[in-house]
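Chemist: The amino acid sequence is not available; the structure is as follows:
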Ligand SMILES: [Mg+2]
């Protein structure tokens, strides 16, 4: 036994953008006690993930594999290993986003129409960068509005992987980056077979940022409520599933 268990953060270990609670922190400790190596694989920045987890001692892949930081036990800090960026033709992206706004009737927005991140990732916030939180939350709680147009939006950005992100936006990572790629790269560098890896995530549906891993050869544990993480991982915590599979 003793494979790698890789985790998404928001919606899997915590509520979206809220601190890691004691209960799930204990679950991670217990998994480690059972011989599992732990790894975070996130959509956000490594430091954001690390801070949100209350500086939990774990290595972190960020930005869909564009960043990787290693936990240094001696100092209790994250050491950046790599932090890649990709070029972005902002003018071209703005042009395509404007076309999509016109086509799907999202021409009214608050603030900026597009958000460009230093990594080269892009966010297309349908309500704009300055929309009120309440409006964003009410916009598409079950994601059906964005899933209806997902295929068309994705087709407009063939050089990106497009995700149904946050509450009212599409997130885009430059190809080839996504969580599956990130995990595969991590495994290749360590000679770790995919059969020894389990990914735990909540966003495995159409356009979700865990979907690529879910559809891959990696093991996958679905989380539909982060407050029931222990239940979802019950077999792994009791040792049964882990010993059978590894
Ligand atoms: Mg998630």
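Modeler: In hand now; what should we look at? Every value quoted in this text rests on a predicted model; they were computed, and no experiment measured them.

Chemist: residue ranges with poor pLDDT in this protein?
Modeler: The model of the chain has pLDDT under 70 over residues 1, 239-246.

Chemist: Could you find the closest non-adjacent residue to the residue in it that the ion sits nearest to?
Modeler: In the chain, no residue comes nearer to the ion than residue 11, which is 3.6 Å away by C-beta to the ion. The C-beta positions use only the backbone N, C-alpha and C, and glycine is treated the same way. The shortest distance from residue 11 to any non-neighbouring residue, by C-beta to C-beta, 6 or more residues apart in numbering, is to residue 202 (3.8 Å).

Chemist: Same check on residue 53?
Modeler: Excluding the flanking residues, the one nearest residue 53 by C-beta to C-beta, 6+ apart is residue 20, at 4.4 Å.

Chemist: where's that neighbour relative to residue 10, distance?
Modeler: Per C-beta to C-beta, to the nearest Å, residue 20 is found 11 Å from residue 10.

Chemist: Over to residue 174?
Modeler: From residue 174 to residue 10 the distance is 21 Å (C-beta to C-beta).

Chemist: Next: residue 123.
Modeler: 15 Å.

Chemist: Going along the chain, name the strands of the protein.
Modeler: Using DSSP state E, the strands of the chain run over 4-7, 37-41, 59-62, 67-72, 77-83, 115-116, 122-125, 160-165, 169-174, 197-201, 219-222.

Chemist: I'd like the ones you listed as CSV, with distance to residue 185 appended.
Modeler: As requested, the strands of the chain are exported to CSV (distance: least, C-beta to C-beta, whole Å):
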stretch, distance to residue 185
strand 4-7, 12
strand 37-41, 11
strand 59-62, 9
strand 67-72, 9
strand 77-83, 10
strand 115-116, 24
strand 122-125, 21
strand 160-165, 15
strand 169-174, 14
strand 197-201, 12
strand 219-222, 17
